[in-house]
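Trainee: need coordinates for the following:
(one chain, ligands or ions: 1)
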Amino acid sequence: DKGSAAAIPINEVDIAYVTPVTIGTPPQTLMLDLDTGSSDLWVFSSLTPSTQVRGQEIYTPTKSSTSKLLSGHTWSIRYGDGSGSRGSVYTDNFTIGGLEVRSQAVQTALEVSSSFTQEQSLDGLVGLGFSTLNTVRPSSQLTFFDNARPNLDEEVFTADLKYHATGSYDFGFIDSKKYTGNITYTAVQQSPGYWTHSLSGYSVGSGAFQASQISGISDTGTTLLYLPTAIVTAYYRQVQGAQNSQYYGGYVFPCSSTLPTFTFGIEGARFTIPASYINYTRISPTSTTCYGGLQSSSGLGINIFGDVALKAAFVVFSGTNPPRIGFATK
Ligand SMILES: Cc1c(C=O)c(-c2nnc3c4c(C[n+]5cc6c(C)n(C)c(C)c6c(Cl)n5)n(C)c(C)c4cnn23)c(C)n1C
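Mentor: Below is the predicted model:
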């Protein structure tokens, strides 16, 4: 079995990517954010207070002949940006890109935080982290990938996220048309449940490659790239007028500044993030000050290889035993 679906940027700066999924019988289509940094599949639903719904598509379990309440089960999740949601649980048929999982746990929101209400183009998340992170209690539930895995031609899913364009997620196969050269794999540390691995080092612009093991998580649900302060200061030292702004909560610079590229290593392979990916966005529509796509991870307790890094590569999340992650140029 296999599936393939679009990864569509929700705004003009790729703040998040959504993928059409169908739930239930007859199928209800929602646009969900596939997130390798978490393991809950939750949706805006008919149970979400109408005051908290603003333009999102909702899943209505009572309209589906295949929905079943998972009675007595609840969930509650908090994300790295402080947003969160909680609710109850149904099982139902769930499809991504033609790949169907029967009785997938679908977590229906009874409450969502304001940042979710404000984002009308995002109807929920599909966690693709390891199922150990799932927050459903009293019994935790399996992710879509873990449920699909036994029927997949190959125990993998791939992410081909693109800069200011629609990319794709594939399940159960590796599409050789989507990358060039070889895929370089590296070991994944699956506890506590993230796709945790190391970079083999980095370089700024045309500078020398600095070999050093940098551990972090490949997280399709995080917008930016968060790395140790030493690396981030070395990068912005090359940017005229850059400063670490307390006010804006990160590195900003004049939008007219010339930015260097940023290269990261996976084992012996090298992946270069174009400067345009790091010139992330104006701090306000009319401002001439821009916010960087590379920010410091100090205070986070973890380095996060978010979309700014992942969209510079074709990424293979391999559920083999032991799990591993692969990167290829494209
Ligand atoms: C430790 C950490 C993060 C860990 O992951 C993180 C972060 N970075 N993007 C996202 C997230 C996203 C992607 N995302 C980011 C957005 C931002 C910054 N803004 C203004 C909007 C409207 C966003 C939307 Cl709709 N979507 N989503 C959907 C969720 C649930 C996220 C949770 N955290 N998150 C931040 C900012 N930090 C500090």
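
Trainee: and the residue of the protein closest to the ligand?
Mentor: Closest to the ligand within the chain is Gly80: 2.5 Å, counting by Cβ to the nearest ligand atom. Any C-beta I mention is one placed from the backbone N, CA and C, and that applies to glycine too.

Trainee: contacting residues around that residue?
Mentor: By Cβ atoms under 8 Å, 6 or more residues apart in numbering, Gly80 lies in contact with 37, 222, 300, 304.

Trainee: for the third one, give me its contacts.
Mentor: Spelled out, that is Leu300. Leu300 sits next to 80, 226 when contact means Cβ under 8 Å, 6+ apart.

Trainee: how near is it to Tyr202?
Mentor: Leu300 is 18 Å from Tyr202, where distance means Cβ to Cβ, to the nearest Å.

Trainee: out of the contacts of Gly80, what pair is the most spread apart?
Mentor: Farthest apart among the contacts of Gly80 by Cβ to Cβ are Gly37 and Leu300. That separation is 11.8 Å.

Trainee: residue numbers of the protein in contact with the ligand?
Mentor: Neighbours of the ligand within the chain, by Cβ under 6 Å from any ligand atom: 15-16, 33, 37, 79-81, 83, 119, 122, 219, 221-223, 300, 304.

Trainee: swap in 8 Å and give it another go.
Mentor: 10-11, 15-16, 33, 35, 37-38, 79-83, 115-116, 118-119, 121-122, 125, 219, 221-224, 226, 295, 300, 302, 304, 306 (Cβ under 8 Å from any ligand atom).

Trainee: among those residues, which lie within helices?
Mentor: 115-116, 118 (DSSP state H).

Trainee: now, of those, which are buried?
Mentor: Phe116 (16 or more other Cβ atoms under 10 Å).

Trainee: and what about Val326, helix, strand or coil?
Mentor: Rather than Val, residue 326 is Gly. Classification of Gly326 using DSSP: H, G, I helix; E, B strand; the rest coil returns strand.

Trainee: and it, how far is that from Gly87?
Mentor: 35 Å.

Trainee: all helices for this protein, in order.
Mentor: Using DSSP H, helices in the chain cover 114-118, 144-148, 229-236, 275-278, 307-310.

Trainee: got those as CSV, with distance to Thr196 columns?
Mentor: Formatted as CSV, the helices of the chain follow (distance: least, Cβ to Cβ, whole Å):
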stretch, distance to Thr196
helix 114-118, 26
helix 144-148, 16
helix 229-236, 18
helix 275-278, 23
helix 307-310, 14
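
Trainee: out of those helices, deepest packed?
Mentor: helix 307-310 (a mean of 26; mean count of other Cβ atoms under 10 Å).

Trainee: other SSEs contacting that one?
Mentor: strand 156-162, strand 269-273 (3 or more Cβ pairs under 8 Å, 6 or more residues apart in numbering; DSSP states H and E).

Trainee: what's the end-to-end length of stretch 299-315?
Mentor: Its first and final residues considered, stretch 299-315 spans 27 Å by Cα to Cα, to the nearest Å.

Trainee: what are the buried residues along it?
Mentor: Those would be 303-315, for stretch 299-315 by 16+ other Cβ under 10 Å.

Trainee: now for these: which two are most distant?
Mentor: So, those by Cβ to Cβ: farthest apart are Asn303 and Phe314, at 20.9 Å.

Trainee: so where's the stretch 51-200 of the chain uncertain?
Mentor: The stretch 51-200 of the chain contains no residues with pLDDT under 70.

Trainee: let me see the ranges of the strands in it.
Mentor: 68-78, 84-96, 99-112, 124-127, 156-162, 165-171, 180-187, 196-204 (DSSP state E, counting those that start in this stretch).

Trainee: got those strands as JSON lines, with distance to Gln56 and mean neighbour count columns?
Mentor: Output for the strands of the stretch 51-200 of the chain, formatted as JSON lines (distance: least, Cβ to Cβ, whole Å; neighbours: other Cβ atoms under 10 Å):
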{"stretch": "strand 68-78", "distance to Gln56": "17", "mean neighbour count": "15"}
{"stretch": "strand 84-96", "distance to Gln56": "12", "mean neighbour count": "22"}
{"stretch": "strand 99-112", "distance to Gln56": "9", "mean neighbour count": "21"}
{"stretch": "strand 124-127", "distance to Gln56": "8", "mean neighbour count": "28"}
{"stretch": "strand 156-162", "distance to Gln56": "22", "mean neighbour count": "23"}
{"stretch": "strand 165-171", "distance to Gln56": "20", "mean neighbour count": "20"}
{"stretch": "strand 180-187", "distance to Gln56": "36", "mean neighbour count": "15"}
{"stretch": "strand 196-204", "distance to Gln56": "31", "mean neighbour count": "21"}
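
Trainee: dump these into a markdown table; add distance to Val252 as well.
Mentor: Below are the strands of the stretch 51-200 of the chain laid out as a markdown table (distance: least, Cβ to Cβ, whole Å):
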| stretch | distance to Val252 |
| --- | --- |
| strand 68-78 | 27 |
| strand 84-96 | 27 |
| strand 99-112 | 30 |
| strand 124-127 | 29 |
| strand 156-162 | 24 |
| strand 165-171 | 26 |
| strand 180-187 | 32 |
| strand 196-204 | 18 |
